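[1] Quick one, structure for this:
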Amino acid sequence: MNNPSAPLTFVPEGNHCRVKAGDVDLLQFQAGNLYMRGNFLAGLLRLRADGPLRIAELKSPWRHFVPRRHPARVDVQGMPTAAGLRVQLRPDTRGGVADVDDAYEFEPDAATGGWTITHHCRIKLRRTVRTAELGLIEFPDERGRPRYWFEIDDPNYAGNYGPSVPMQNDWLGVYEPNCGPDTFRKHWRRQVETFVYRAGSGRVSTIWFHRARMYSLARHNRCALPFRPGGFAGVLHTDGWGTLFEFIDGVPTFGHLCEWGFDTHFWRVLPDVLRKGQVLEATYRVREVPPEAMRKMLRGAKSIQPTAAEWKKTEDLPIYEEPVNQFATSWRDDQARDAWPWHPGVGATWDRRVGRTRPGSLRLDVPLHIENDGASWRSRRVGPTNFMNPLVPGARYRLRGYVKLRPTGSPFQTCYPSVSVTFHQYAGPGTFASEMKPNPVFTGGVAGPVRPGVWTRIEVVTAPIAGNVMGVTLGCHLRGDGTAWFDEIAFEKLA
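    Got it, this is the predicted structure:
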């Protein structure tokens with residue numbers, strides 16, 4: 001391939017700056033963005049003018065060291081270099097604990113006809129500070145010792161997220177209209193499928209993007225450790241190309257895969273105290289790898305799998321399935337790669353043997369000592385925040401299914417099953433803007449008398465959605481003295 005022909009230019013537009021190759025945006029810097037509660041964003045990254053969007057969002061390593069974690073204003077300047085372009089970021093550090101030197105440098109990539117980006121950040125402490133004061137994350141290191149971690153980046157890969165309701169500023173890289181409100185499963189396709197890395201041993205390893213697999217690995221997938229130059233971490237896209245982050249400063253770097261958004265958190269461990277004058281630096285290069293080179297790289301690569309003990313966290317949990325949930329699929333199954341489980345509540349289990357038309361149902365038993373509180377299951381949030389169909393303002397929704405009861409010792413009239421829908425509203429225009437309180441809850445039951453041991457229809461119909469709803473919690477409940485099985489649960493929009 002030839003070197004890029006389109007010249008790079010830097011376009012300052014107030015708080016929204018761009019790096020362009022000809023007429024194509026390669027990278028954008030934006031202040032005032034509401035995504036993930038942040039006000040400053042570097043993202044919407046392409047590495048070729050004729051290539052697809054690759055990175056929806058990059059995080060700034062300095063965000064914990066300035067007065068506000070995401071300052072509303074950051075001075076961004078672009079300067080031509082002999083090879084390409086350098087973009088310098090200068091956040092307002094007045095009142096912070098460190099001085100910041102942050103830059104992105106674009107250079108030609110002859111292998112792809114595009115560009116590589118080298119990101120270098122230097123943070124120099126102005127005063128001695130306890131690391132715990134900075135709001136950094138704390139979790140054990142590889143020896144189990146509690147440590148504080150410096151997140152040098154968190155690339156969100158484009159196409160990891162499903163479509164959402166129309167908003168001004170959200171779901172980066174998958175803007176509406178991505179697809180209609182009832183066609184998510186038909187039209188949206190994930191664009192990233194495999195995590196790829198090479199650590200100090202030099203061997204390439206992979207982790208397949210499967211939510212339960214990543215959840216089961218949990219912190220153990222910090223086995224991605226680029227200890228030396230030549231270490232990298234990145235992804236294989238569905239088009240066969242790879243996007244790699246090469247850590248060229250030789251500092252030990254942990255890569256944790258996030259099972260929520262399939263993004264990669266890159267961490268470096270910090271001491272308990274940072275001294276005045278101490279310097280923290282991070283340098284890595286982002287580049288694309290053509291399909292043939294990726295195929296060669298992945299020959300003989302080791303696939304990381306959870307151990308039997310790690311799988312125990314997920315294999316006995318059923319997923320929420322659209323359009324009808326029959327409690328037949330384990331979160332461990334391959335077809336559940338994008339799914340979230342229903343987490344058991346008090347008295348709730350997954351019954352693999354009992355079902356209305358096929359084995360599998362949700363079983364609720366009311367323990368005698370909590371009879372007044374009953375038993376229940378509540379789903380993870382259903383909707384665009386969890387990669388499912390958007391929720392349409394003005395529409396009514398129905399949660400329906402079947403329930404079978406077995407009273408135990410008390411009159412049947414004391415055994416009450418129900419289902420519920422809770423709307424989680426937001427004020428907009430971003431996912432994590434302040435919610436409006438209270439969130440409406442709708443509860444319904446069976447239409448008439450129910451005979452024990454007979455599957456009976458149960459449902460609740462909501463009022464029309466008022467405003468924007470980003471998620472819904474579905475519930476199945478039982479009060480009284482007995483056991484209930486729920487099956488063929490479906491959440492559906494009414495015309």
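[2] Give the buried residues for the strand or helix carrying residue 460.
    Per DSSP states H and E, residue 460 falls inside strand 456-461. When burial is assessed from 16 or more other CB atoms under 10 Å, strand 456-461 yields the following buried residues: 456, 458-460. All C-beta atoms are positioned from the backbone trio N, CA, C, and that covers glycine.
[3] Show the contacting residues for residue 466.
    The neighbours of residue 466, taking CB atoms under 8 Å, 6 or more residues apart in numbering as the test, are 393, 425, 440.
[4] Can you tell me which of the residues you listed end up in strands?
    Counting by DSSP state E, the part of the contacts of residue 466 found in strands is residue 425.
[5] who wins for most neighbours among the contacts of residue 466?
    Ranked by neighbour count (other CB atoms under 10 Å), those have residue 425 at the top, with 19 neighbours.
[6] In this structure that residue contacts residue 468, no?
    Yes. The pair residue 425 / residue 468 is scored as a contact, 6.7 Å apart, by CB atoms under 8 Å.
[7] Report all helices and strands that the strand holding residue 460 contacts.
    The contact analysis (3 or more CB pairs under 8 Å, 6 or more residues apart in numbering; DSSP states H and E) places strand 456-461 against strand 397-407, strand 416-425, strand 441-444.
[8] hmm, who's touching the last one?
    To tie it back to what came earlier, the one meant is strand 441-444. With CB under 8 Å, 6+ apart, strand 441-444 has contacts from 399, 418-423, 458-463.
[9] Just give me the least confident of these.
    For the contacts of strand 441-444, the weakest pLDDT value sits at residue 423, with 90.
[10] Number of residues surrounding it?
    Look at residue 423: counted by other CB under 10 Å, it has 22 neighbours.
[11] That one touches residue 440, doesn't it?
    Yes. If you go by CB under 8 Å, residue 423 and residue 440 touch, sitting 4.9 Å apart.
[12] Now for those two: what residues contact both?
    Joint contacts of residue 423 and residue 440 (CB under 8 Å, 6+ apart) are residue 462.
[13] before we move on, the earlier item: from the buried residues of strand 456-461, pick the one nearest residue 154.
    residue 460 (38.5 Å; CB to CB).
[14] circling back: just curious, which of the contacts of residue 466 is nearest to residue 138?
    Closest approach to residue 138 among the contacts of residue 466 (CB to CB): residue 425, at 32.4 Å.
[15] distance of that closest one from residue 472?
    Distance, residue 425 to residue 472, by CB to CB, to the nearest Å: 10 Å.
[16] Then residue 407?
    According to CB to CB, residue 407 stands 31 Å off from residue 472.
[17] The two - which one has more neighbours?
    Each of residue 407 and residue 472 has its neighbours counted (other CB under 10 Å); residue 472 has more, 23 against 17.
[18] Dead centre of this protein: give me the residue that sits there.
    Among the residues of the chain, residue 261 comes closest to the average C-alpha position under CA atoms, centre = their mean, at 1.6 Å.
[19] May I have the secondary structure class of it?
    Using DSSP: H, G, I helix; E, B strand; the rest coil, the structure places residue 261 in coil.
[20] Next one: it, what pLDDT does it get?
    Residue 261 carries a pLDDT value of 77.
[21] One more: the one 10 residues further on?
    Predicted confidence (pLDDT) for residue 271: 91.
[22] do you know how far it is from residue 137?
    Going from residue 271 to residue 137 by CB to CB gives 15 Å.
[23] now do residue 258
    12 Å.
[24] In the chain, mark out all the helices, start to finish.
    Applying DSSP state H to the chain gives helices spanning 184-187, 211-217, 291-298, 308-311.
[25] Can I get those helices in CSV including mean neighbour count, distance to residue 481 and mean pLDDT?
    Formatted as CSV, the helices of the chain follow (neighbours: other CB atoms under 10 Å; distance: least, CB to CB, whole Å; pLDDT from 0 to 100):
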stretch, mean neighbour count, distance to residue 481, mean pLDDT
helix 184-187, 13, 40, 48
helix 211-217, 23, 35, 85
helix 291-298, 14, 57, 96
helix 308-311, 12, 35, 87
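[26] out of those, nearest to residue 277?
    Closest to residue 277 of these, according to CB to CB: helix 211-217, at 38.4 Å.
[27] can you give me the strands for the stretch 1-150 of the chain?
    Ranges of strands in the stretch 1-150 of the chain, per DSSP state E, counting those that start in this stretch, are 8-11, 16-21, 24-31, 40-45, 55-58, 74-80, 85-91, 98-109, 114-125, 129-130, 137-140, 146-153.
[28] mind putting these in JSON lines, distance to residue 340, mean pLDDT and mean neighbour count included?
    Converted to JSON lines, the strands of the stretch 1-150 of the chain look like this (distance: least, CB to CB, whole Å; pLDDT from 0 to 100; neighbours: other CB atoms under 10 Å):
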{"stretch": "strand 8-11", "distance to residue 340": "40", "mean pLDDT": "94", "mean neighbour count": "17"}
{"stretch": "strand 16-21", "distance to residue 340": "34", "mean pLDDT": "92", "mean neighbour count": "21"}
{"stretch": "strand 24-31", "distance to residue 340": "30", "mean pLDDT": "89", "mean neighbour count": "21"}
{"stretch": "strand 40-45", "distance to residue 340": "25", "mean pLDDT": "85", "mean neighbour count": "23"}
{"stretch": "strand 55-58", "distance to residue 340": "20", "mean pLDDT": "87", "mean neighbour count": "23"}
{"stretch": "strand 74-80", "distance to residue 340": "35", "mean pLDDT": "91", "mean neighbour count": "16"}
{"stretch": "strand 85-91", "distance to residue 340": "35", "mean pLDDT": "93", "mean neighbour count": "20"}
{"stretch": "strand 98-109", "distance to residue 340": "35", "mean pLDDT": "95", "mean neighbour count": "19"}
{"stretch": "strand 114-125", "distance to residue 340": "32", "mean pLDDT": "96", "mean neighbour count": "21"}
{"stretch": "strand 129-130", "distance to residue 340": "37", "mean pLDDT": "94", "mean neighbour count": "14"}
{"stretch": "strand 137-140", "distance to residue 340": "22", "mean pLDDT": "80", "mean neighbour count": "12"}
{"stretch": "strand 146-153", "distance to residue 340": "24", "mean pLDDT": "87", "mean neighbour count": "19"}
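[29] just so I know, which of those strands lies nearest residue 336?
    Proximity to residue 336 (CB to CB) singles out strand 55-58 among the strands of the stretch 1-150 of the chain, at 23.8 Å.
[30] any chance of the strands of the stretch 1-150 of the chain in JSON lines, plus distance to residue 355?
    Output for the strands of the stretch 1-150 of the chain, formatted as JSON lines (distance: least, CB to CB, whole Å):
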{"stretch": "strand 8-11", "distance to residue 355": "59"}
{"stretch": "strand 16-21", "distance to residue 355": "53"}
{"stretch": "strand 24-31", "distance to residue 355": "50"}
{"stretch": "strand 40-45", "distance to residue 355": "45"}
{"stretch": "strand 55-58", "distance to residue 355": "40"}
{"stretch": "strand 74-80", "distance to residue 355": "56"}
{"stretch": "strand 85-91", "distance to residue 355": "57"}
{"stretch": "strand 98-109", "distance to residue 355": "55"}
{"stretch": "strand 114-125", "distance to residue 355": "52"}
{"stretch": "strand 129-130", "distance to residue 355": "56"}
{"stretch": "strand 137-140", "distance to residue 355": "40"}
{"stretch": "strand 146-153", "distance to residue 355": "44"}
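[31] these two touch, right, residue 341 and residue 319?
    Yes. Between residue 341 and residue 319 there is a contact under CB under 8 Å: 5.7 Å.
[32] Could you pull out the residues contacting both of those two?
    residue 331.
[33] Please spell out which residues along stretch 396-406 are buried.
    Buried residues in stretch 396-406, counted by 16+ other CB under 10 Å: 397-405.
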